[in-house]
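K.L.:
quick check, what structure comes out for this input:
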Amino acid sequence: MKYIPLAALALSLACAPAAQAQKKTALASASDQKMKAFIDELMGKMTQDEKIGQLNLVSVGFDVTGPVVSKDVDANIRKGLVGGVFNTFTPIAVRKLQEMALKESRLHIPLMFGYDVIHGHRTIFPIPLGLAASWDMAAVEQSARIAAEESTADGLNWVFSPMVDISRDARWGRVAEGAGEDPYLGSSIARAMVRGYQGPANDLTKEASVMACLKHFALYGAAEAGRDYNTTDMSRQRMYNEYMPPYRAAIDAGVGSVMTSFNDINGVPATGNKWLMTDLLRKQWGFGGFVVTDYTAINEMMEHGVGNAAQVSALALNAGVDQDMVGEIFLKNVAQNVQSGAVSKAQLDAACRRILEAKYRLGLFQNPYRNVSQERATATLMKPEFLAAARDIARKSLVLLKNERSALPLKKTGSIALIGPLANRQKDVIGSWSGAGDWKQAVSVEQGLRAAAPGLKITYAKGANIADDAQMLERLNAHGGELELDKRSSKDMIKEAVQVAQSADVVVAVVGESQGMTGEAASRADIGLPGQQLELLKALKKTGKPLVLVLMNGRPLTLAWENQNADAILETWFAGTQAGHAIADVLFGAYNPSGKITATFPQVVGQVPLYYNHKNTGRPYAGTDKLDKYKSRYLDVSNEPLYPFGYGLSYTTFTYGKPTLSKTAISPTETLEVKVTVQNTGAYDGEEVAQLYIRDLVGSSSRPVKELKGFQKVMLKKGESKTLTFRLAPNDLKFYNNDLKWAAEPGDFKVFVGGNSRDVQEASFKLAAQ
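P.N.:
Coordinates of the predicted model:
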């Protein structure tokens, strides 16, 4: 059976000949009717308790011998009161639980198995913020495809990814898990991730296809003060224009499931928000899959102050939530809700049906043990070609932020002082949310450098702890940080590092955050280098040796001193299993860096939230008159970021000609062509990400100063130039106005093309009235 989501079907029909379109419609209709008949018959046999059981998603941990099933979960599986399991994988573990459901429950309904596969399963790729920095949709899709192959080989059929939350506050730890601040780029990545997980045909019965789960719906990345789980408040217009597009893109790409967010929206927690889950998601967007909560999110609505257990259970189910993750609040309250009339039998049936439909589309009724094969797992997990892809994709994610005095690329002769607490840390390179990844199989920076240049003298010194604050270390180690506080004083550690630096030709300092400092529940109020790492860098600077910084972090950092004083800065994020090799490839010039940041780096934390596509005030500050007081500005720092959105250097240089337009005035139905010539004017072959932005100069509501509307990644040999063509379609000029109508407004526009959001060439055109 091939399931074609309505959005994907509509897109295919728009492009297909009439006969082919009719055939596809008939096939989809026949498949849906067959599924409906099957589920109708099954639900006719189910008791009310068994229907409620399908709404129950439990977490089951396991050890090396298989799943460790608590007594209550064991009994509930046998009673048919569990719909799905997460945190259990491997063929042995999955088979044990699936057999329990199939052989010992009354109706033998199979379980779904889900897991947090965020940036790889066994083979770990760069964190999503790093993947986004590649601006390479083929690479992003490939990372998800490999994750799908590995996770399905490990017995899984459902992954809690992609996370597409727009975030503009670097204090929020989960900025690491998304694509950054821009809705256009975020939408492109959302589509690529869904394609990678579910396959281009969205046929979830395929061996290497896994059901994706869009998260977190919605607005989770706009948590106030950058503090995880915090409240969110914004206008509908801002939601629709700036935060909702990536969610919508994933829905249109056919994503099979959606996860609720922890925050409230307009005072109503997302998990109980009927406008969000039913009116918007299902009625306006046509989503036909199922909605699962985040971990205990229904229970947590009691802390939000919207009701007791029975009330929040009814609130969530009536809002359109279908499955409860871990809280078991549906299991304990829905029967009472139905009896009291707080929830209708039809609402319960609808939720149960959507879970059963997902299992049908996954092929679990036809083959409950699909992918439960130790032979396939052995042949698939961490294959050499997967590791090669991880290395290549990691290289593409690295961003060169500074390079002066030809500090990079490094030579493979002479000597290097390798300094810093992260230089030999395998655990940290795979980053947060690394799921089933084994950090012991990861390649550290030191390992990567030594492998790439065996004849090079490399001397290591730790120089500083990642963090010195005892409370911080206690928090990190309580959740697997495995950080040890060096017994030496900071003064002695820095002294040793300086001595090592003085005897070397160049200093490579690997500094930043540990993997536990970003991700869920990892908000930071100070986003500079933690501990004594900055003091270490200041001491190394005094040696006069070339200073190359290799950053490891999951968010934009404040790097004012570092940018002023380091000779080179390479942003490596947490680059995954093959991090050390990828970083060495870039440092030694085997790969010319091409990454561009997708989240603005502030000068100081007081500037956040900071993002490129902001709106002007009535008193914008141009930065030309330092004594011009009555403008929207700071007294102590400029408004400008340290590194703007889209920024990233190369070992070569690129120049842009002035863009030329196919017309200077277009009608609302016309497509505008924008051509620009890009030339490699440096000494290396390299890739450049050319970016297209627009500005709507006059609107019924104020519009952003720039909006990304296109990008192309192009390889240019040294001295080579290419003319790139961008196309602005009618939809690219539209926005949601104050009436939430999707429309373009006639008037003057600017178009900008360049290598980042700041350094651009521009042209102008007019949009005529209808």
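K.L.:
could you give me the buried positions within the helix or strand containing L214?
P.N.:
In this assignment (DSSP states H and E), L214 forms part of strand 211-217. By neighbour count with 16 or more other Cβ atoms under 10 Å, strand 211-217 contains the buried residues 211-217. From N, CA and C alone the C-beta is placed, and that goes for glycine too.
K.L.:
farthest pair in those residues?
P.N.:
Pairwise distances across the buried residues of strand 211-217 peak at 16.9 Å for M211 and H216 (criterion: Cβ to Cβ).
K.L.:
on that earlier part again, show me the contact partners of the strand holding L214.
P.N.:
Strand 211-217 is contacted from outside by 112, 114, 157-165, 190, 193-194, 197-198, 204, 247, 250-251, 255-262, 270, 276-277, 281, 291-292, 294, 358, 361-362, using Cβ atoms under 8 Å, 6 or more residues apart in numbering.
K.L.:
in strands only, show me those.
P.N.:
Of the positions in the contacts of strand 211-217, 112, 114, 158-159, 257-260, 291-292 sit in strands, assigned by DSSP state E.
K.L.:
so which residues of the stretch 451-600 of the chain form helices?
P.N.:
470-477, 490-502, 533-541, 560-565, 579-587 (DSSP state H, counting those that start in this stretch).
K.L.:
helices or strands up against the second one?
P.N.:
Secondary structure elements in contact with helix 490-502, counted by 3 or more Cβ pairs under 8 Å, 6 or more residues apart in numbering; DSSP states H and E, are strand 415-419, strand 457-461, helix 533-541.
K.L.:
still on that earlier bit, now the buried members of the contacts of strand 211-217.
P.N.:
For the contacts of strand 211-217, a burial check counting by 16+ other Cβ under 10 Å picks out 112, 114, 157-165, 190, 193-194, 197-198, 204, 247, 250-251, 255-262, 270, 276-277, 281, 291-292, 294, 358, 361-362.
K.L.:
wait, what's in contact with the nearest residue to E150 once chain neighbours are set aside?
P.N.:
In this structure, E150 finds its nearest non-sequential neighbour in H121, 4.0 Å apart by Cβ to Cβ, 6 or more residues apart in numbering. Contacts for H121 (Cβ under 8 Å, 6+ apart) come out as 115, 147, 150-151, 154, 156, 381, 435-437.
K.L.:
tell me the SS of Q712?
P.N.:
Recorded secondary structure, Q712: strand (DSSP: H, G, I helix; E, B strand; the rest coil).
K.L.:
give me the low-pLDDT residue ranges for the chain?
P.N.:
Low-confidence segments of the chain (pLDDT under 70): 1-28, 62-71.
K.L.:
who wins for most neighbours among the contacts of H121?
P.N.:
Neighbours here mean other Cβ atoms under 10 Å. Within those, the largest count is held by S151, at 30 neighbours.
K.L.:
can I assume it sits in a helix?
P.N.:
Yes. Under three-state DSSP, S151 sits within a helix.
K.L.:
any idea how far it lies from V255?
P.N.:
Distance, S151 to V255, using Cβ to Cβ, to the nearest Å: 16 Å.
K.L.:
one more: S701?
P.N.:
For S701, the distance to V255 (Cβ to Cβ) stands at 30 Å.
K.L.:
go on, D228?
P.N.:
24 Å.
K.L.:
returning to that earlier point: I'd like to know which of the helices and strands packed on helix 490-502 is closest to N680.
P.N.:
Proximity to N680 (Cβ to Cβ) singles out strand 415-419 among these, at 28.9 Å.
K.L.:
what is whichever helix or strand comes after the closest one packed up against?
P.N.:
Downstream of strand 415-419, the next assigned helix or strand under DSSP H and E is helix 426-429. For helix 426-429, the contact count by 3+ Cβ pairs under 8 Å, 6+ apart identifies no helix or strand as a packing neighbour.
K.L.:
got the contact list for L529?
P.N.:
By Cβ under 8 Å, 6+ apart, L529 lies in contact with 511-512, 537, 557, 559, 562.
K.L.:
nope, I329 is what I was after
P.N.:
Contacts for I329 (Cβ under 8 Å, 6+ apart) come out as 298-299, 309, 312-313, 316.
K.L.:
thank you, goodbye.
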